[in-house]
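J.: The following comprises the amino acid sequence and a computationally predicted model.
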Number of protein chains: 2
Amino acid sequence: MTNYEQLLERIREAALLESTSEILTWDQETMMPPRGLEYRSRQLAQLARLSHEMATAPEIGDLLGEAESDASLDDGQKANVREIRRKYDKRVKVPAALVAEIAEVSSKAHAVWVKARQDSDFESFRPSLERLFELELQVAECIGVPDGGEPWDALADDYEAGLRAREIEPVFTSLRERLTSLLDKLLGGTPPDTAFRSVAVPIPDQKRLMRMVAGKLGFDFERGRLDVSTHPFTGGSHCNDVRITTRYNETDLLDALGGTVHETGHGLYEQGLPEAHIGTPLGEPVSFGIHESQSRLWENQVGRSRGFWKWLHPELPGYFGDAVAGFDLDTMYAAANAVEPSLIRVDADEATYNLHIMVRFELELAMFRRDLAIADVPDAWNQKMRDYLGIEVPDDRQGCLQDVHWSFGGFGYFPTYSLGNLYAAQFYETALAEIGDLEDQFAAGEFGALRQWLGEKIHRHGSRYRAGELCERVTGRPLDADALLRHLESKLTPIYQVG
Amino acid sequence: MTNYEQLLERIREAALLESTSEILTWDQETMMPPRGLEYRSRQLAQLARLSHEMATAPEIGDLLGEAESDASLDDGQKANVREIRRKYDKRVKVPAALVAEIAEVSSKAHAVWVKARQDSDFESFRPSLERLFELELQVAECIGVPDGGEPWDALADDYEAGLRAREIEPVFTSLRERLTSLLDKLLGGTPPDTAFRSVAVPIPDQKRLMRMVAGKLGFDFERGRLDVSTHPFTGGSHCNDVRITTRYNETDLLDALGGTVHETGHGLYEQGLPEAHIGTPLGEPVSFGIHESQSRLWENQVGRSRGFWKWLHPELPGYFGDAVAGFDLDTMYAAANAVEPSLIRVDADEATYNLHIMVRFELELAMFRRDLAIADVPDAWNQKMRDYLGIEVPDDRQGCLQDVHWSFGGFGYFPTYSLGNLYAAQFYETALAEIGDLEDQFAAGEFGALRQWLGEKIHRHGSRYRAGELCERVTGRPLDADALLRHLESKLTPIYQVG
């Protein structure tokens, strides 16, 4: 075996054990009986400890050094070495004691947050958040601030390799300004009838429909599953075992549909990763932002398109009978695209969603730049919600306590949602230019050409390219907010009969 | 920490990793998409290797030696040390190379067996079986033949600690002779109407019923699940996460019911093990035979009793409507107890089941005593089926190739099924004597008194006592065939209107 092959063997070994954790995590969210929780935490902690030991073995450092000076490697192999190095350095730079302290503090902080959210009491969570924030700053210091960057970048790198706050800020600022202006315009128009959203349809029938839809979009049930969980997510072990979930609401068909199509997008990405590279970066997704681009593209560009609804609306009576008889294509399509400023990010529509992210991104940056004290987060949050979405936050439960991310120290995560939306729009515009009649294909229930295009352009490369580089290769230009704005304006202004 | 506590910490650590394997195994049989198989095998092999390393660490040997000379240990702690020693010695005595060779050979042999069974071609499986047999003999030699025992005993010890062929032979011979004579008598009587077996009932309705039945018997869904698999089994991690399965047949309600009640018996045992001792012998089942006694007791002594059917039969129309309207209590009860010699063990009724086991047990002993060459197994099998069950085996697929056990080298396993039946009858007779009106309780849908009795007498002790000792403590006498014969004769002769 060459040094490179020995390196890969060790990396695959750690990845194999991590893939076992993935199954246990999926099981916990979908299958595990309630009383299994305590022992499950111990199982997961043990696996995390063992795979951390494997992934930080000094031999990996030695093999990496040798592989980096191996001139015989091809570009794909070099990309593998580059990504293995990036992750290895981060893992060995952060002392085990700090990792353990964060695990303990965040486990407790999470429980405090659950209670604080319930009671809408930010003050009871504040000390935990302050502590976690300081610990995460220590992590950023250990990793080291990248050239021309700042501490927040070191943390965001876990989710989006190479992301720099200063580079993304202008894109996000432009996005925010143009979105608030679009929102103003839409709210001055005529809101569509949304009665279709609340039609009562039995959950077993919804389940049959969702399985059909996921399969039709191309999700391979020989290599995956669709189940139920409180919050939809995509889990599983590898490209041949991908597990997506959705949730069901008896009086909101679009809830399960949105979840299913969104997670199918994630699932198609996972199923499209190259089997030969399982357990190495070339077989893994690029970043959270690119992952989210795949889910958002299917959820929004496809699942909220007129073509998609042209196909779906005559299918529905076969599942729900008379319950959906009173709704025509236009009504369904408009209901799926209704826009309304609201308090909760996860329930937000396509036009307002990114404004929720801007609030969080800007607050995080202010915290890390020491422009905002943790104690002042609630006021700052509420002011931004007023400024960007025009709504008053009645309590912290529906304000700055709503998201789980900060409770486990997940700073730098939120922007990946908006990056996903931006990438999705830019990818889809390119697909449309290259393939042509996508909406006609959707209307005929054909989704294969788009899926293959995404597989060819994005999925099969794994982490060979960084997100920014991939974007330029696929779309011919760096990421900007134009494509998303064009997409939203061209779709929403006719529905709201404005502009 | 004392030495004993350190020992337990290490044992619990290995058990924790093994419990992760259990979840993956359960997932493989119930949830995993088909294409996930290859990677799943690797996940399980990795976990097996890691937990083997943990369980055979030399430090455990040192700590065991110290714990064995620790006079301060109480009886429970001594039982823990005794069982840890038994397993540790076996694991370290068998060289890793032999374990690996068996894993490889049996993995291939299993695939060969699947094909050979399909083609009903024993000759194609013979070389694999011969190889596995020789390897298992080597294992027996490594472990060492117990005092007054023989090589087969060393292997059977994995399933039933301390079992000796020469001790169980007279019990089994007596059982076989009395069962063949009972069978002759029944077959001379009037067979009951079995039309109830083949009533068509939709699977979703069966599922609702099975969940109700398992819950009524006491299975705790806060600490367990009921799912579907090709062959019913009980899996899970520990007493707070117990996963039972059954299978469904649209035209055989008793198939799902038998599977559900049987596995509920296993599940109640698992859920009844003491939580404080998770991961140590005091928190683990005694043996396969005792485990099977719990499943068989619920399946046969309870689930095939008149009291049980008195309770269940008026419940059925609520699940199946008119489909079951034509069947009264007597018809259902008799159909559930019909006896008919048949070829396949797993489908056998309560009276003939143990004769299938006697065939296998006697052949295994003859092989290990070098009285029977592997090549002669099919003829010997068919002769015994003729002698004991009076039926001709048309091909090896329905004969000596039907069971999976030998294909993975599982010699010494089969007798535990009959031991389970014998223990079940002896335990139930004692329960009846101590509690009294059990059948009246069943008829009222009350199963708690029996469950609590089993919990108190058997479940809560984990592996504190060996199987034989437990039997004497609970029933006041060593294991014999009398209770089972009394049970079968008193129930079946009236149904067949004989004797």
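T.: Arrived safely, thanks for sending.

J.: Can you say which helix or strand has the most centrally placed residue in chain A in it?
T.: The centre of chain A sits closest to residue A:292, judged by CA atoms, centre = their mean, with a distance of 4.0 Å. Here residue A:292, judged by DSSP states H and E, is contained in helix A:288-296.

J.: Quick check: mean pLDDT of the following helix or strand past that helix?
T.: Downstream of helix A:288-296, the first helix or strand assigned by DSSP H and E is helix A:306-312. For helix A:306-312, mean pLDDT is 98.

J.: could you dump helix A:306-312 to CSV, C-alpha only?
T.: Presented in CSV, the C-alpha positions along helix A:306-312 are these (Å, rounded to 0.1, in the frame of the first residue of the first chain):
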residue,chain,number,x,y,z
ARG,A,306,-46.3,26.1,-11.8
GLY,A,307,-45.0,23.1,-13.8
PHE,A,308,-44.8,20.9,-10.6
TRP,A,309,-48.3,21.8,-9.6
LYS,A,310,-49.6,21.2,-13.1
TRP,A,311,-48.4,17.7,-12.7
LEU,A,312,-49.4,17.2,-9.0
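
J.: what packs against whichever strand or helix holds residue A:49?
T.: Element membership for residue A:49, per DSSP H and E: helix A:37-55. Applying 3 or more CB pairs under 8 Å, 6 or more residues apart in numbering or on different chains; DSSP states H and E, we find helix A:37-55 packed against helix A:3-30, helix A:75-93, helix A:96-119, helix B:3-30, strand B:234-238. Where C-beta positions appear, they are placed from N, C-alpha and C, glycine not excepted.

J.: hmm, who's touching that helix?
T.: Contacts with helix A:37-55, where a contact means CB atoms under 8 Å, 6 or more residues apart in numbering or on different chains, come from A:10-11, A:13-14, A:17-18, A:20-21, A:24-25, A:27-28, A:32, A:87-88, A:91, A:96, A:99, A:103, B:13, B:16-17, B:19-20, B:23, B:50, B:237-238, B:240-241, B:278.

J.: quick one: residue A:22 and residue A:233 touch, right?
T.: No: counting by CB atoms under 8 Å, residue A:22 does not reach residue A:233; the two are 11.0 Å apart.

J.: For residue A:84, see how far away the residue nearest to residue A:9 when sequence neighbours are not counted is.
T.: Closest residue in space to residue A:9, ignoring its immediate chain neighbours: residue A:1 at 7.2 Å, by CB to CB, 6 or more residues apart in numbering or on different chains. Distance, residue A:1 to residue A:84, using CB to CB, to the nearest Å: 16 Å.

J.: Would you mind telling me which of these two has more residues around it?
T.: residue A:84 (23 against 8; other CB atoms under 10 Å in any protein chain shown).

J.: What residues does that one make contact with?
T.: A:7, A:11, A:60, A:64, A:280-281.

J.: Number of residues surrounding residue A:322?
T.: If we define neighbours as other CB under 10 Å, then residue A:322 has 7 of them.

J.: Equivalent analysis for residue A:100, please.
T.: Around residue A:100 there are 11 residues (other CB under 10 Å).

J.: Please report how far it lies from residue A:416.
T.: For residue A:100 relative to residue A:416 (CB to CB), the value is 26 Å.

J.: again with residue A:361
T.: Residue A:361 is 10 Å from residue A:416, by CB to CB.

J.: cool, and residue A:461?
T.: From residue A:461 to residue A:416 the distance is 18 Å (CB to CB).

J.: pLDDT wise, what is the residue of the stretch 251-400 of chain A found nearest chain B at?
T.: Using CB to the nearest CB, the closest approach of the stretch 251-400 of chain A to chain B is made by residue A:278 at 7.0 Å. We have a pLDDT of 97 for residue A:278.

J.: show me what contacts the closest residue to residue A:309 other than its chain neighbours?
T.: Counting by CB to CB, 6+ apart, residue A:333 is the residue found nearest to residue A:309 once chain neighbours are left out, at 4.4 Å. Residues counted as contacts of residue A:333 (CB under 8 Å, 6+ apart) are A:306, A:309, A:495.

J.: Work out for me the element residue A:333 sits within.
T.: Residue A:333 is part of helix A:329-336, with elements assigned from DSSP H and E.

J.: So which other helices or strands are in contact with the helix or strand that that helix is followed by?
T.: The helix or strand immediately downstream of helix A:329-336 is helix A:353-368, counting by DSSP H and E. Counting contacts by 3+ CB pairs under 8 Å, 6+ apart, helix A:353-368 packs against helix A:151-156, helix A:165-187, helix A:377-389, helix A:415-435.

J.: following the second one, which helix or strand shows up next?
T.: Next helix or strand after helix A:165-187 toward the C-terminus (DSSP H and E): helix A:203-217.

J.: Residue numbers of the stretch 201-350 of chain A in contact with chain B?
T.: Counting by CB under 8 Å from any CB of the partner chain, the stretch 201-350 of chain A comes close to chain B at A:220-225, A:237-238, A:240-242, A:278.

J.: Walk me through the domains of chain A.
T.: Chain A breaks down into these structural domains: A:3-156, A:160-499 (assignment by automatic domain parsing).

J.: Quick check, pLDDT for the residue in the stretch 51-200 of chain A that chain B sits nearest to.
T.: Across the stretch 51-200 of chain A, no residue is closer to chain B than residue A:54, which sits at 10.0 Å (CB to the nearest CB). Per-residue confidence (pLDDT) for residue A:54: 96.

J.: neighbours of it, just the number please.
T.: By other CB under 10 Å, the residues close to residue A:54 number 18.

J.: What are the buried residues along stretch A:116-125?
T.: A:116-117, A:121-122, A:125 (16 or more other CB atoms under 10 Å in any protein chain shown).

J.: Just list the residues touching residue A:245, thanks.
T.: Residue A:245 makes contact with A:29-30, A:226-229, A:232-235, A:259, A:263, according to CB under 8 Å, 6+ apart.

J.: try it again with 7 Å
T.: A:30, A:227-229, A:232-233, A:263 (CB atoms under 7 Å, 6 or more residues apart in numbering or on different chains).

J.: Which of those residues ranks first by neighbour count?
T.: In terms of neighbours by other CB under 10 Å, the contacts of residue A:245 top out with residue A:263 at 27 neighbours.

J.: Surely it touches residue A:247?
T.: No: the pair residue A:263 and residue A:247 does not pass the contact test of CB atoms under 7 Å, sitting 10.3 Å apart.

J.: list residues touching both of these two?
T.: residue A:232.

J.: Now for the nearest residue to residue A:192 once chain neighbours are set aside, how many residues are close by?
T.: Nearest residue to residue A:192, sequence neighbours excluded (CB to CB, 6+ apart): residue A:334, at 3.5 Å. Counted by other CB under 10 Å, the residues lying close to residue A:334 total 20.

J.: Residue A:358 now?
T.: What residue A:358 shows, counting by other CB under 10 Å, is a neighbour count of 23.
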